[in-house]
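Colleague: heads up, no residue letters with this:
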């Protein structure tokens, strides 16, 4: 019964597009020590401190984050650099979701998933644009009456460069996967049992900056 309750949601079978480009979602799961409420609170705090994400929606046992942007993101990036903080790994995901399920007393199952379709589309779009330039270049040379071998030269070059850009999605995907595993590592190492004190918060931009600097110095 526990195995059925903790089974990962079915991921759609990969079609030709996914096999060529890469998956649009990555996931990780683990059983950790602690009750569900403590694990959920620890996970929210850890994501807030170590990733450029904010809570989009939170229900009992289900949390969704989305990337933060603008001045707040710039503050956090700069203070992280000054404080030697570990790099952000999940900021390129469109959304990050967590499902938290209590098992037997003292144990909780946590499943994390990240939507990678947005970053995948960025690499696909860039590769397609480069391939389109090659096709346009070949068509222009043919229209100008260039010899066929010379006219075809831009096409394989552009296709090769476009494919090289698309291949860069693999490392980006691996980084997001590692970000999910890193959060689960924290919980598995007893993150839900660590003491926590709520930070003092001050309104306004200066308060936000002071809060981020304080987090960086404590890291």
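Modeller: That came in fine, so what should we check first? Owing to the predicted nature of the structure, the values given are computational and were not obtained by experimental measurement.

Colleague: how much space between residue 97 and residue 62?
Modeller: 7 Å (Cβ to Cβ, to the nearest Å). In short, each C-beta sits where N, CA and C put it, glycine included.

Colleague: Could you check which of the two is surrounded by more residues?
Modeller: residue 97 (19 against 13; other Cβ atoms under 10 Å).

Colleague: residue contacts, the more buried one?
Modeller: Residues near residue 97 by Cβ atoms under 8 Å, 6 or more residues apart in numbering: 62-65, 112-115.

Colleague: Chain neighbours aside, what residue packs nearest to residue 117?
Modeller: residue 24 (4.0 Å; Cβ to Cβ, 6 or more residues apart in numbering).

Colleague: correct me, but residue 184 touches residue 39?
Modeller: No: applying Cβ atoms under 8 Å, one finds residue 184 not in contact with residue 39, separated by 10.5 Å.

Colleague: Overlap in contacts, these two.
Modeller: In contact with both residue 184 and residue 39: 32, 110, using Cβ under 8 Å, 6+ apart.

Colleague: Name the residue in these two with the higher neighbour count.
Modeller: Shown here are residue 184 and residue 39; by other Cβ under 10 Å, residue 39 has more neighbours (24 against 20).

Colleague: pLDDT (mean, whole number) over the helix of greatest length in the chain?
Modeller: Using DSSP state H, we find that the single longest helix of the chain is helix 117-143. Summarised as a single mean, pLDDT over helix 117-143 is 89.

Colleague: Same check on stretch 89-99?
Modeller: 94.

Colleague: One more: stretch 37-50?
Modeller: For stretch 37-50, the mean per-residue pLDDT is 92.

Colleague: For this structure, give me the ranges with low pLDDT.
Modeller: 1-14, 78-86, 192-219 (pLDDT under 70).

Colleague: That one: helices as residue ranges?
Modeller: With helices called from DSSP H, the chain shows them at 2-5, 16-21, 36-50, 70-83, 117-143, 148-152, 154-167, 169-188, 204-218.

Colleague: The longest one vs helix 154-167, what angle?
Modeller: Relative orientation of helix 117-143 versus helix 154-167 (axes from the mean of the first three to the mean of the last three Cα atoms, to 10 degrees): 170 degrees.

Colleague: likewise the third one?
Modeller: Taking the same axes, to 10 degrees, one finds that helix 36-50 is oriented at 130 degrees with respect to helix 154-167.

Colleague: Tell me the buried residues in helix 36-50?
Modeller: 36, 38-40, 42-43, 45-47, 50 (16 or more other Cβ atoms under 10 Å).

Colleague: Could you measure from the residue lying farthest from the centre of the chain over to residue 58?
Modeller: Relative to the mean C-alpha coordinate of the chain, counting by Cα atoms, centre = their mean, the farthest residue is residue 145 (48.3 Å). Distance of residue 145 to residue 58, given as Cβ to Cβ: 65 Å.

Colleague: repeat for residue 108
Modeller: 16 Å.

Colleague: more neighbours, the two?
Modeller: Taking neighbours as other Cβ under 10 Å, residue 108 and residue 58 compare with residue 108 leading, 25 against 13.
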